[in-house]
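Peer 1: this is a predicted model, with the sequence first.
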Amino acid sequence: MTNSTELTPAERRVREAFPLGERVDFGEDADDDPAAGASWGPERTLRAEVLRALLLGGPVRPDRTAGLNVRGARITGVLDLKYGTVPHPVRLRACHFDEVPDLYGARAVTLVLTDSVLPGLTAGNLRVDNVVRITCCRIRGPVRLAGARIAGAVFANQARLGTPGEPAEEPVLQLNHADVGTDLWAEGLVCHGRLRMNGTTVGGQVNLTDAHLSAPGDVALHAETLTVGTDVHAMGLTAQGQINLSGARIPRHLSFNRARLSHPGGQALRATSSVIGELWMREAVPVVGEVTLRRAQVDVLHVPPGAWPGPVGFEGFGYRVLEPRLPAAQRLPMLEREVAGYLPSVYEQLAAAYRTVGDDAAARAVQLARLRRHRGTLPWYARLWGLLQDAAVGYGFRPLRAAGWLLLLLCTGTAAFALHHPAALKPSEAPEFNPLFYTLDLLLPIIDFGQEGAFAPRGWYQWLSYALIVMGWILATTIAAGVTRSLNRQ
């Protein structure tokens, strides 16, 4: 270690406080801004090599807990603790770092950099027995915590990462493949660049409430295969760029309530193959860009109908309950924006969600919409047959419509033939003419009241009889097709 006689007065104060774990405060007042730390004089300047020597082999006392506890200092040089073991807590609050600290592969008890200003932080594969705090830090360069193992929590509330207006070559916060024992707190975090959390495991929750992630045209949050123990809170999140949660495992809530997600011309929210307990977007600003949830599984989906106005990708997407409970007419337009075109499965899924809550009428409306959408994909002759089924019985979902058509045709035929009785083929053998049963004979192919074969209309009445026979066959066939489809569904 540097000889004590070579230490500056400021460094000597820190060395004397270290074995006692006492705080050394160089701040002149509460509003002292570490962003101006480059101009601080020697009275509050510490050399990184002095701090390194203290942390790796500084004096200790058996009756006290040693630790580095400094506030309001300027730290010059590189704080190089690479692969080192630091058995004491490190607390460097409201400090100004001239160089990027290097803690790659180090092991520490606690790392606290709250309110500090740094050009970056290199701490990949860091091992921390307690917590890491970069709360309210301003860090211009990347924060590298990939592969870190942190037994406690990570606190990044109100931190400012990256430089506005300057595109970052690498993610400004790198937590990919990190293991956080409890929670990741990042309320009010501002990232001018990408936030990477691929393969990260968090034992508790991830809290991004009111965070601002800015990576226009890029991936703002890259969290593929993220695994959390409870929730991901992103209430009030503002994201310019894609939110990628593909393959994520979130057993409870993923909340984008009041969020603003924007990625024009691209996928604003991508959560393919993810497993989520509840996905909430209550009071969210309508998403700008595509929402892709292919092969994802969600137990409760709480999405207002206007939250996803752009293209959607729902192929293989499964959910059990859809909230808020609204008429099918308000949900169907979303399915028509499926990027893959017509997919029967997305209609079946929506119908199943309505049946889960006991709304069979809405489920039937969805099934009818599915068949109408399918009709548009068929050749013209098949579309014609579909139109007949739809008009007659609503593809089997509107059975009363058949009764209406039957009553209309029956009244028309009865009135026409009551005004002009057709002539009997064999007057001596013909039964008394009855316009009602004569019309029924024409309409119903499988019923014979003995009227149709006994009388022969002429002129336009003959054409009316032909029309009633044809309409009867069409009506009977479409009813049979609708009943068969209904029985198959059941």
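Peer 2: Structure's in. What do you need?
Peer 1: hey, where'd the strands end up in the stretch 251-400 of the chain?
Peer 2: Here the stretch 251-400 of the chain has its strands, by DSSP state E, counting those that start in this stretch, at 260-270, 275-280, 288-292, 297-302, 312-313, 318-323.
Peer 1: could you dump these into JSON lines with mean pLDDT and distance to Val143 added?
Peer 2: Just so you know, the C-beta spots here come from the backbone N, C-alpha and C atoms, and that holds for glycine as well. Formatted as JSON lines, the entries for the strands of the stretch 251-400 of the chain read as follows, by pLDDT from 0 to 100; distance: least, Cβ to Cβ, whole Å:
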{"stretch": "strand 260-270", "mean pLDDT": "97", "distance to Val143": "23"}
{"stretch": "strand 275-280", "mean pLDDT": "97", "distance to Val143": "27"}
{"stretch": "strand 288-292", "mean pLDDT": "97", "distance to Val143": "27"}
{"stretch": "strand 297-302", "mean pLDDT": "96", "distance to Val143": "32"}
{"stretch": "strand 312-313", "mean pLDDT": "96", "distance to Val143": "32"}
{"stretch": "strand 318-323", "mean pLDDT": "94", "distance to Val143": "36"}
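Peer 1: CSV for those, including distance to Val70 and mean neighbour count?
Peer 2: Formatted as CSV, the entries for those read as follows, by distance: least, Cβ to Cβ, whole Å; neighbours: other Cβ atoms under 10 Å:
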stretch, distance to Val70, mean neighbour count
strand 260-270, 39, 20
strand 275-280, 42, 20
strand 288-292, 45, 21
strand 297-302, 47, 18
strand 312-313, 51, 22
strand 318-323, 51, 17
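Peer 1: would you turn these into JSON lines with distance to Asp359?
Peer 2: Below are the strands of the stretch 251-400 of the chain laid out as JSON lines (distance: least, Cβ to Cβ, whole Å):
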{"stretch": "strand 260-270", "distance to Asp359": "27"}
{"stretch": "strand 275-280", "distance to Asp359": "20"}
{"stretch": "strand 288-292", "distance to Asp359": "24"}
{"stretch": "strand 297-302", "distance to Asp359": "15"}
{"stretch": "strand 312-313", "distance to Asp359": "22"}
{"stretch": "strand 318-323", "distance to Asp359": "10"}
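Peer 1: so where's the stretch 151-300 of the chain shaky on pLDDT?
Peer 2: Applying pLDDT under 70 to the stretch 151-300 of the chain picks out no residues at all.
Peer 1: who wins for proximity to Val206 among the strands of the stretch 251-400 of the chain?
Peer 2: With Cβ to Cβ as the measure, strand 275-280 is the member of the strands of the stretch 251-400 of the chain nearest Val206 (12.8 Å).
Peer 1: direction included, what does the closest one pair up with?
Peer 2: Using DSSP bridges, the neighbouring strands of strand 275-280 in the sheet come out as strand 249-255 (parallel), strand 297-302 (parallel).
Peer 1: what residue in the chain is the furthest from its centre?
Peer 2: Centroid-distance maximum for the chain: Ser428 at 80.3 Å, with Cα atoms, centre = their mean.
Peer 1: that residue belongs to a strand, doesn't it?
Peer 2: No: with the criterion set as DSSP: H, G, I helix; E, B strand; the rest coil, the secondary structure at Ser428 is coil rather than a strand.
Peer 1: what about the helices in this protein?
Peer 2: Applying DSSP state H to the chain gives helices spanning 9-17, 48-57, 328-335, 344-356, 360-375, 380-393, 399-419, 435-443, 460-489.
Peer 1: between the ones you listed, which one is closest to Phe97.
Peer 2: With distances scored as Cβ to Cβ, the stretch of these nearest to Phe97 is helix 48-57 (8.3 Å).
Peer 1: now the strands paired with strand 275-280 as TSV including distance to Ala94?
Peer 2: Converted to TSV, the strands paired with strand 275-280 look like this (distance: least, Cβ to Cβ, whole Å):
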stretch	distance to Ala94
strand 249-255	33
strand 297-302	41
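Peer 1: and the residue farthest from the centre of the chain, its phi and psi?
Peer 2: Taking degrees, to the nearest 10, you get phi -70, psi -20 for the backbone angles of Ser428.
Peer 1: thinking again about what came up before, any idea which of the strands paired with strand 275-280 gets closest to Arg93?
Peer 2: With Cβ to Cβ as the criterion, Arg93 lies closest to strand 249-255 of the strands paired with strand 275-280, at 31.3 Å.
Peer 1: give me the buried positions along that closest one.
Peer 2: Neighbour-count burial for strand 249-255 flags Ile250, His253, Leu254, Ser255 (criterion: 16 or more other Cβ atoms under 10 Å).
Peer 1: hey, C-alpha coordinates of that strand in PDB?
Peer 2: Written as PDB, here are the backbone C-alpha positions of strand 249-255 (Å, rounded to 0.1, in the frame of the first residue of the first chain):
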ATOM      1  CA  ARG A 249     -41.100 -16.400 -17.600                       C
ATOM      2  CA  ILE A 250     -43.200 -14.000 -15.500                       C
ATOM      3  CA  PRO A 251     -45.500 -16.000 -13.100                       C
ATOM      4  CA  ARG A 252     -47.600 -13.200 -11.800                       C
ATOM      5  CA  HIS A 253     -48.000  -9.700 -13.400                       C
ATOM      6  CA  LEU A 254     -46.500  -8.000 -16.400                       C
ATOM      7  CA  SER A 255     -48.000  -4.500 -16.100                       C
END
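Peer 1: contacts for it next, please.
Peer 2: Contacts made with strand 249-255 from outside it, assessed by Cβ atoms under 8 Å, 6 or more residues apart in numbering, are listed as 225-235, 245, 248, 274-280.
Peer 1: so what's Trp280 up against?
Peer 2: Taking Cβ under 8 Å, 6+ apart as the contact definition, Trp280 lies against His253, Leu254, Ser255, Phe256, Asn257, His302, Val303.
Peer 1: assess the claim that the last one and Leu279 are in contact.
Peer 2: When you say that, I think you mean Val303. Yes: contact criterion Cβ atoms under 8 Å: Val303 and Leu279 qualify, at 7.2 Å.
Peer 1: any idea of the mean pLDDT in stretch 11-29?
Peer 2: Model confidence over stretch 11-29 averages 92 on the pLDDT scale.
Peer 1: how long is it end to end?
Peer 2: Using Cα to Cα, to the nearest Å, the gap from the first to the last residue of stretch 11-29 comes to 20 Å.
Peer 1: got the buried residues for it?
Peer 2: Counting neighbours by 16+ other Cβ under 10 Å, the buried set in stretch 11-29 is Glu11, Arg13, Val14, Arg15, Ala17, Phe18, Pro19, Leu20, Gly21, Val24, Asp25, Phe26.
Peer 1: how far is it from where the chain is centred?
Peer 2: Average the C-alpha atoms of stretch 11-29, do the same for its chain, and the two points are 47 Å apart (Cα atoms, centre = their mean, to the nearest Å).
Peer 1: repeat that for stretch 309-324.
Peer 2: Put simply, stretch 309-324 sits 10 Å off its chain's centre (Cα atoms, centre = their mean).
Peer 1: check what contacts it and list those residues.
Peer 2: 267-268, 272, 286-304, 331, 334-335, 337-340, 343, 345-346, 349-350, 353-354, 356-357.
Peer 1: what sits against the nearest residue in space to Leu464 that is not next to it in sequence?
Peer 2: When the adjacent residues along the chain are set aside, Leu464 lies closest to Ala416, with 5.8 Å between them (Cβ to Cβ, 6 or more residues apart in numbering). For Ala416, the set of contacting residues under the criterion of Cβ under 8 Å, 6+ apart consists of Pro435, Tyr461, Leu464.
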